[in-house]
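Visitor: Pasted the sequence and its predicted model underneath.
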Amino acid sequence: MSVSENEQKPDVREGIVQSSIPQEELARLSDDIVAALKTVYDPEIPADIFELGLIYKIDIEDDRMVKIVMTLTAPGCPVAGEMPSWVQNAVGAVEGVSGVDVELTFDPPWTPDRMSEEAQVAVGWY
């Protein structure tokens, strides 16, 4: 069975995100952003927010604007109003980042199974 020239072939690259940022710089930015996130701690838990699994998504746009979707361990977290600005300040200090937008979400809600082994050890659950 052959595909006729008039038929639309599916693009196997669909869904793959392309960036105008060179691969090496994108890798460095990604590593530096994760390192910056690891400097932010929930004051009630002795583990950083990255290892706790509070970071749901990190997007680095072509203009080097970083968009982060994150959550908190609970909607009533005492630092709910402050933590997004802590994240914004930490990531905003990364060389090459043009700006940071932090979105707070509770869907899906955070659960302890999102924690890394490192975080589980830090809180004494492993």
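Guide: Noted; the coordinates are in hand.
Visitor: List the buried residues in the lowest-mean-pLDDT helix or strand in the chain.
Guide: Of all helical and strand segments in the chain, the minimum by mean pLDDT, DSSP states H and E falls on helix 117-122, at a mean of 90. Using 16 or more other CB atoms under 10 Å as the test for burial, helix 117-122 gives 119, 120, 122. All C-beta atoms are positioned from the backbone trio N, CA, C, and that covers glycine.
Visitor: Mind giving me the packing neighbours of it?
Guide: helix 49-52 (3 or more CB pairs under 8 Å, 6 or more residues apart in numbering; DSSP states H and E).
Visitor: what lines up beside whichever helix or strand comes after the helix it packs on in the sheet?
Guide: Counting by DSSP states H and E, the next helix or strand C-terminal to helix 49-52 is strand 55-60. Note on strand 55-60: by DSSP bridges, its sheet partners are strand 65-70 (antiparallel).
Visitor: For the following helix or strand past the strand it pairs with, buried residues please.
Guide: The helix or strand immediately downstream of strand 65-70 is helix 83-92, counting by DSSP H and E. Residues of helix 83-92 classed as buried: 83, 84, 86, 87, 88, 90, 91 (neighbour count, 16+ other CB under 10 Å).
Visitor: Closest to residue 26 out of those residues?
Guide: Nearest to residue 26 among these, counting by CB to CB, is residue 91 at 14.9 Å.
Visitor: give the contact list for that closest one.
Guide: Each residue near residue 91 by CB atoms under 8 Å, 6 or more residues apart in numbering is listed here: 33, 36, 37, 66, 68, 97, 100.
Visitor: now residue 20
Guide: Taking CB under 8 Å, 6+ apart, we find residue 20 in contact with residue 62.
Visitor: any idea how far it lies from residue 59?
Guide: 14 Å (CB to CB, to the nearest Å).
Visitor: circling back: tell me which two of the contacts of residue 91 sit farthest apart.
Guide: Largest pairwise distance in those, by CB to CB, is 12.1 Å, between 37 and 97.
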